[in-house]
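Trainee: here are the coordinates; sequence isn't available:
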């Protein structure tokens with residue numbers, strides 16, 4: 001029993017020590033929670049992004065409100081290393097390069113709080129001047145390669161593709177920012193009359209430790225090595241899922257005619273230097289919402305019935321690509337599967353029936369939607385870009401635009417296509433195409449692929465619960481009507497489609513839900529609560545990360561597309577809303593339905609809407625034998641893995657070196673005295689502690 005008692009005593013002391021350590025840590029550190037890290041990513045040739053030391057990078061906090069503040073640190077600051085707390089205006093390429101060159105900094109924190117941080121007056125795009133350069137149609141073209149003819153993204157600063165040797169975080173909580181500025185920087189660190197403050201000083205610890213290094217090939221090879229029972233993972237392929245749907249459910253027992261499918265596409269991803277901070281209104285939301293609204297209009301009653309049942313009419317396939325920002329991941333995967341006759345991917349064996357494979361030869365036209373929001377501004381209009389268009393294709397959409405009060409023009413014929421998903425298809429097949437955008441040449445969007453691509457810049461911000469119709473919604477209503485009419489006329493070979501009309505409320509709802517509040521009535525009506533129990537009250541980011549399960553936005557787009565293009569089966573309940581075991585032609589989706597009188601009845605939707613992999617073919621489970629990673633044929637982007645405790649931001653006070661030394665010496669002295677005292681007490685224990693004999 002004595003041994004057990006000793007063990008319990010030691011165990012209790014251990015638990016108490018843990019609690020006391022935790023309480024001590026809480027007294028020393030203040031953790032910031034609303035932080036957005038810069039991650040490390042890798043492709044076949046190099047690494048980009050940020051990382052920290054294993055224990056985090058520590059530095060004295062200095063608020064850089066202007067260039068003078070930065071000058072002071074670099075020229076006079078005596079307390080290096082520093083952590084720069086920067087505003088939207090001071091976080092620019094020039095200042096970042098100065099910070100890196102000075103070698104006096106251990107990290108950066110960037111203030112970005114909603115409704116407080118102002119959009120900088122200068123252009124700011126973290127992408128390249130030639131997005132997805134080397135992976136599109138013109139990679140080997142002597143005249144057009146590397147954007148020789150048109151520099152599309154003149155606002156580019158290339159920050160996304162730089163390799164930083166220190167961590168960078170964005171801070172999105174105004175209360176935490178106020179704590180940093182008022183209680184940390186101003187109280188302890190702010191210079192007085194140009195003279196540095198004395199200790200104690202307020203410091204920050206930025207921890208952003210990434211496991212991956214060098215390049216994607218090395219990282220993937222290391223991850224695939226099995227050296228123990230629990231293999232280490234260093235990086236994962238960047239990707240998600242594409243979403244697609246056809247009106248005609250042509251199955252494997254039927255014949256799909258060549259040139260019988262119109263591909264109507266857009267992208268649904270973006271990127272930014274900081275994780276989870278980017279909604280990006282103009283790209284991709286304007287194109288995404290416009291195509292969804294067009295699908296909804298074409299999926300109505302008699303219009304859909306005509307498109308489905310008339311064998312002479314072309315089919316329309318709606319496609320929403322993921323991973324396009326990282327060298328066309330989603331579109332290149334779809335092209336790869338079409339070439340292998342594996343799209344849509346379905347298991348077909350024995351008597352199982354599924355959707356008939358769609359190959360490149362089945363595509364008659366490609367119509368893609370890009371950035372659209374700036375076309376509503378004065379002296380702007382929509383542009384019809386093409387590398388190979390027929391007179392019928394151009395005429396059809398110009399007419400569709402004119403009947404919808406939307407002006408569509410053509411850029412010069414010698415101008416190449418902008419960065420577009422269709423370029424991956426056109427590398428493999430000669431297909432008439434049309435890319436609709438709000439820019440003739442260079443992007444009108446000066447904040448492309450950045451955290452500043454916000455709704456207010458294109459008149460799409462909401463100050464209420466979505467009941468007010470924005471200027472952006474009114475404009476995109478006309479654009480989506482024009483797109484729906486153009487697709488209909490192209491599919492039916494008709495010259496009039498005035499019966500097709502997109503409702504402004506449809507566009508307004510979609511914009512509000514994607515840009516302002518996903519916990520809206522529209523999204524609530526299409527979700528299955530067993531798949532997504534609760535919707536957030538703030539927009540879901542459109543960043544492409546790694547493929548584990550479909551991102552929330554991907555799931556929502558699939559549900560919306562299914563409800564817009566599918567069939568409502570009134571005789572099905574939640575229990576029997578499922579497909580037959582031998583028929584994969586359709587998917588069956590249970591949705592909780594619209595709310596009426598405080599309750600929902602639910603609805604079963606049968607649709608061809610589905611998901612397909614949006615991961616580079618390089619990372620396909622069977623792989624590409626002997627693939628040359630540096631060939632540039634396919635995207636090779638991966639994202640680093642990190643430990644659960646590898647990302648954190650916290651602030652604390654640091655004493656002077658004198659106090660540190662004094663504390664250390666005092667501690668050593670006390671320890672020495674204690675050891676000497678214990679030694680002599682132990683040696684004289686028989687004298688000091690006499691034991692009385694019991695009689």
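Mentor: That came in fine, so what should we check first? Computed from a predicted structure; not experimentally measured. Numbering: from 1, shown residues only.

Trainee: geometric centre of the chain: which residue is closest?
Mentor: residue 543 (0.4 Å; C-alpha atoms, centre = their mean).

Trainee: any idea what that residue is bridged to?
Mentor: The partner list for residue 543 in beta bridges (DSSP bridges) reads residue 270.

Trainee: and the pLDDT at it?
Mentor: Note for residue 543: predicted pLDDT of 92.

Trainee: so what's it up against?
Mentor: Residue 543 makes contact with 269-272, 275-276, 278, according to C-beta atoms under 8 Å, 6 or more residues apart in numbering. All C-beta atoms are positioned from the backbone trio N, CA, C, and that covers glycine.

Trainee: next, count neighbours for the closest residue to residue 393 other than its chain neighbours.
Mentor: In space, and not counting its chain neighbours, residue 393 is closest to residue 432: 5.3 Å by C-beta to C-beta, 6 or more residues apart in numbering. A count of nearby residues for residue 432, using other C-beta atoms under 10 Å, gives 20.

Trainee: and what of residue 676?
Mentor: Counted with other C-beta under 10 Å, the neighbours of residue 676 add up to 10.

Trainee: what strand or helix carries it?
Mentor: Using DSSP states H and E, residue 676 sits in helix 657-683.

Trainee: flag every buried residue along that helix.
Mentor: Within helix 657-683, no residue is scored as buried using 16 or more other C-beta atoms under 10 Å.

Trainee: one step back: among the contacts of residue 543, which one sits closest to residue 338?
Mentor: Nearest to residue 338 among those, counting by C-beta to C-beta, is residue 269 at 20.3 Å.

Trainee: dump the residue contacts of the closest residue to that closest one other than its chain neighbours.
Mentor: Closest residue in space to residue 269, ignoring its immediate chain neighbours: residue 544 at 4.4 Å, by C-beta to C-beta, 6+ apart. If you count contacts by C-beta under 8 Å, 6+ apart, residue 544 has them with 238-240, 269-271, 322-323, 325-326, 329.

Trainee: distance of residue 544 relative to residue 161?
Mentor: Computed as C-beta to C-beta, to the nearest Å, the residue 544 to residue 161 distance reads 15 Å.

Trainee: now residue 39
Mentor: Distance, residue 39 to residue 161, by C-beta to C-beta: 13 Å.

Trainee: rewinding a little: which of the contacts of residue 543 has the most neighbours?
Mentor: Most crowded among these, counting by other C-beta under 10 Å, is residue 269 at 30 neighbours.

Trainee: contact partners for the closest residue in space to residue 488 that isn't next to it in sequence?
Mentor: Distance criterion C-beta to C-beta, 6+ apart; nearest residue to residue 488, sequence neighbours excluded, is residue 497 at 4.6 Å. Residue 497 sits next to 400, 403, 484-486, 488-489 when contact means C-beta under 8 Å, 6+ apart.

Trainee: will you turn these into CSV that also has distance to residue 634 and pLDDT?
Mentor: Below are the contacts of residue 497 laid out as CSV (distance: C-beta to C-beta, whole Å; pLDDT from 0 to 100):
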residue, distance to residue 634, pLDDT
400, 35, 97
403, 41, 94
484, 33, 98
485, 36, 98
486, 32, 98
488, 35, 98
489, 36, 98
